[in-house]
Structure formats: C-alpha cells, structure tokens
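> With the sequence up front, the predicted model follows.
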Amino acid sequence: MLVTKQETLKNGMKYDYVQVANKPTVKGWVYSKWIRQMTMASLGDSITKGWTGSDYAANPYPEVTGTDMGMSVTNYGENNGEVTGDTNLDLTYNIEKHSFKNTDVITIAYGVNDYFHVLSLAKIQSVLDADLTESQTKYPDAQIVGILPMDCYVLDPDTNTYVNAGSTLYKDHAYTLGDVRDTEKAVYEKHNVKVINWADYESEFLPTDDSRLTFFGDNRLHPTAASYEKMGKVLATYLEANLK
C-alpha cells in the first residue's frame, strides 16, 4: 500500500491517500492511524549514496523514489561499496549487521566497483547468491529488488579516450560491465528477485556517448543531482508496477 499524499482536517485528524501497488483502481483516503507507511532500505555504493563527483546530492535516487511513493527510506549506500567486499561498505556487512525485520522493500545496487576491483565474475556470483539466500531466509516477507549497474565510462589507455564500460574489458580482467550485469541478473532471477536494469533506460539517460558530459557530474561515473532525480522517478514507476 503506497501513500501518495496527505491532508490534515481542521479538527487535526490526518488522512492519507493510498493506492494498492499493482492495483491502481484500488485507492482512496484512509485515516492515518489505521495504516503503516511502507519502508524501503537501499543498499549500494556511492551512486545509491548520491555522490555527484564533487559533493552529495540533497536527494539521491532512493529518497526521490520514497518521496514519490510515500515510503520511508533508509539509505545504506557507501562509497566504494561492492558485492564481494568484506568491509562495512559492502553488501555482506549490510546483510549481516543490519536488521530489515520491518522493512517492506530492499533494493540492492552494487557492481560497478566490483568491475573495477574484482578479477572473477564467479566471486561476484557466489557472494551475491549467498547474501540473497541469507536475506530471503531472514526476511521472507520483504520484497527484494536488484538494481543492475548503470553504464559508466573508462579511459582507454591506447586511445586516451573515454569508452563505455558496458562493452569494455577493464585492465587485467577479461570481462565487461555488461558481463557483471548479466552475472548479477542470473543470480537475482535464480532467487525470483525483481530486477531493474538502468541500461534499459539509456535512451532517456545516455542516448549518446556525449550525454555523459551532462548526465554525470564527473563526466564518466557519478550522476548529477538532476540525473538522480530522473533515476528516482524511473525507479518509482518500476516499483509501482512491480511491487506486490
């Protein structure tokens, strides 16, 4: 159940206008004390946290989504966060150290830092698989949504130009960011987890290679505040259509 707007009557009583996810015709005003606001926990890296390349956006994409959907959001994004890492920045730490007992939606958005630092796709696969198994065992009622990493741009040492990481082998490991997405998607689907792929929206976000100069605050990896706003609205539309 999503809260889309709120009103307070002259007598002080508060009402929420609610809509049942996946059933847009089921909607109406409800006395606020009769419902519990949906909650979302967003796990991820610096993009989830809202880094623009020079500062943090006031409204990273999870917060934009929460505002649009009337959900309370806890943002666990951390710079340099990975699927495979073993620090407090990473997926496994968040799954093991935080409780999501009363969380309705958990979004998981890692992968680009694994592309930069991890030599093996098999390691990404095995860690994500284990963490999803643990999450679904602990929180069977939570709806988990996998968010695949957006294309970014890396420097080609041969041409000294920036090229799309989605189709580029990075340094000394033989896989692309597109391969990371495919690996993660297969694991999510194995666990019957809904998946949103930012690459499916690149006609809107990055229609040409030159679009990186305005979409990313650092021209290659971290979205601008305005871009986070677009991402948050896309995610809200996806969740409204796919949450149970």
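Here it is on my side, so go on. Numbering: from 1, shown residues only.
> can we go C-alpha only for contacts and neighbour counts from here?
Will do.
> Next secondary structure after the lowest-mean-pLDDT helix or strand in the chain?
Every helix and strand in the chain was compared by mean pLDDT, DSSP states H and E; the lowest is strand 23-31, with a mean of 55. The helix or strand immediately downstream of strand 23-31 is strand 39-44, counting by DSSP states H and E.
> partners of that following strand, with directions?
strand 72-75 (parallel), strand 105-109 (parallel) (DSSP bridges).
> now, of the ones you listed, which is deepest in the fold?
Neighbour counts (mean count of other Cα atoms under 10 Å) averaged over each of these peak at strand 105-109, with a mean of 23.
> So which residues make contact with that one?
38-45, 48, 142-149 (Cα atoms under 8 Å, 6 or more residues apart in numbering).
> I'd like the next helix or strand past that strand.
Toward the C-terminus, strand 105-109 is succeeded by helix 112-117 as the next helix or strand (DSSP H and E).
> Show the average pLDDT along that next one.
Here helix 112-117 scores 96 as its mean pLDDT.
> by contact count, what packs against it?
In terms of contacts (3 or more Cα pairs under 8 Å, 6 or more residues apart in numbering; DSSP states H and E), helix 112-117 is packed against helix 177-190.
> hey, C-alpha coordinates of the helix it packs on in CSV?
Extracted in CSV, the C-alpha atoms of helix 177-190 (Å, rounded to 0.1, in the frame of the first residue of the first chain):
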residue,chain,number,x,y,z
LEU,A,177,30.5,-4.2,-17.0
GLY,A,178,27.8,-5.8,-19.2
ASP,A,179,29.2,-9.2,-18.1
VAL,A,180,28.7,-8.0,-14.4
ARG,A,181,25.1,-7.1,-15.2
ASP,A,182,24.5,-10.5,-16.8
THR,A,183,26.0,-12.3,-13.9
GLU,A,184,24.0,-10.4,-11.3
LYS,A,185,20.8,-10.7,-13.3
ALA,A,186,21.1,-14.5,-13.4
VAL,A,187,21.6,-14.7,-9.7
TYR,A,188,18.6,-12.4,-9.0
GLU,A,189,16.4,-14.4,-11.3
LYS,A,190,17.5,-17.7,-9.6
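> Please point out which parts of that helix sit buried.
Applying a neighbour-count criterion of 16 or more other Cα atoms under 10 Å, the buried positions in helix 177-190 are 177, 178, 179, 180, 181, 183, 184, 185, 187, 188.
> okay, how far is it across stretch 141-154, tip to tip?
39 Å (Cα to Cα, to the nearest Å).
> Over to stretch 55-70?
26 Å.
> Where do the helices of the protein begin and end?
46-49, 61-69, 91-97, 112-117, 121-138, 177-190, 202-205, 212-215, 225-242 (DSSP state H).
> And the contacts of the second one?
Under the criterion Cα under 8 Å, 6+ apart, residues 2-4, 40, 42, 48, 50, 71-73, 75, 228-233, 235-236, 240 lie in contact with helix 61-69.
> What of the last one?
Counting contacts by Cα under 8 Å, 6+ apart, the residues outside helix 225-242 that touch it are 21-22, 50, 52, 57-66, 68-69, 194, 196, 205, 215-216.
> Quick check: residue 206 touching residue 212?
Yes. Between residue 206 and residue 212 a contact is recorded at 6.5 Å, counting by Cα atoms under 8 Å.
> So for those two, which sits in the more crowded spot?
residue 212 (23 against 19; other Cα atoms under 10 Å).
> which ones are touching that one?
With Cα under 8 Å, 6+ apart, residue 212 has these contacts: 206, 219, 220.
> of those residues, the lowest pLDDT goes to which?
Here the lowest pLDDT out of those sits on residue 206, with 93.
> how far away is that residue from residue 86?
According to Cα to Cα, residue 206 stands 32 Å off from residue 86.
> so residue 219 makes contact with residue 213?
Yes. If you go by Cα under 8 Å, residue 219 and residue 213 touch, sitting 4.5 Å apart.
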